[in-house]
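1. Model the structure of this input:
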Amino acid sequence: TFSQAEGERAAAIAKLWLDSDVTLEETGEPCGCGEAAVEGWRYHHWLVFLGRLQTAVSSAAGEAPLPIARLHRMDELYKFSESRNAELRLRWQRLCIALRADFIVPHVIDFITAQGRMKFVRPLYRDLFGWAEQKQVAIDTFTTFASSYHPIARRQLSQDLKLS
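-> Okay, the predicted model is just below:
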């Protein structure tokens, strides 16, 4: 089972990543956020962690609350881009897109062309389309892979991307 204390610990680690005043390790992560801090974490821990980061990004007015360098370090440390878990990939990739982290785009393309569920592909296509520098990437990817999606998904994605 997943306890409230475990959720609070995951939220606290997320808060450390967001705190610009926290002391950083030589390797670039906030003190107390290394591999030992997340040892034994399961799916629910990561959902709370990524959810807290996404909430902070969504509620930030104007400036990014999480520098791209920290996102890179987080990915190196926790290996989100290598995850095969669709729920975690979705949350991680949406967070990176919201912060305009270019390094995530190839991972997003890989995911949306291998995963056909609207639950996953639709938000990612919308996010890419909403990012001016990646708008054409979203359109080109969809155009290339449209036939691989279910007809309902294809129709809705086409509408989302203003192609119909």
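
2. any chance you could map the helices in the protein?
-> 4-18, 43-59, 68-78, 86-98, 105-114, 118-129, 135-145, 151-160 (DSSP state H).

3. now the first one and helix 43-59, what's the angle there?
-> Following axes from the mean of the first three to the mean of the last three C-alpha atoms, to 10 degrees, one obtains 40 degrees for the angle between helix 4-18 and helix 43-59.

4. What average pLDDT does helix 4-18 get?
-> Mean pLDDT, helix 4-18: 93.

5. How about the second one?
-> For helix 43-59, the mean per-residue pLDDT is 94.

6. what's that helix packed up against?
-> helix 4-18, helix 86-98 (3 or more C-beta pairs under 8 Å, 6 or more residues apart in numbering; DSSP states H and E). Yep, even glycine has a C-beta here, placed from its N, CA and C like the rest.

7. Among these, single out whichever gets nearest to Glu26.
-> Of all the helices and strands packed on helix 43-59, helix 4-18 sits nearest to Glu26, with 16.1 Å by C-beta to C-beta.
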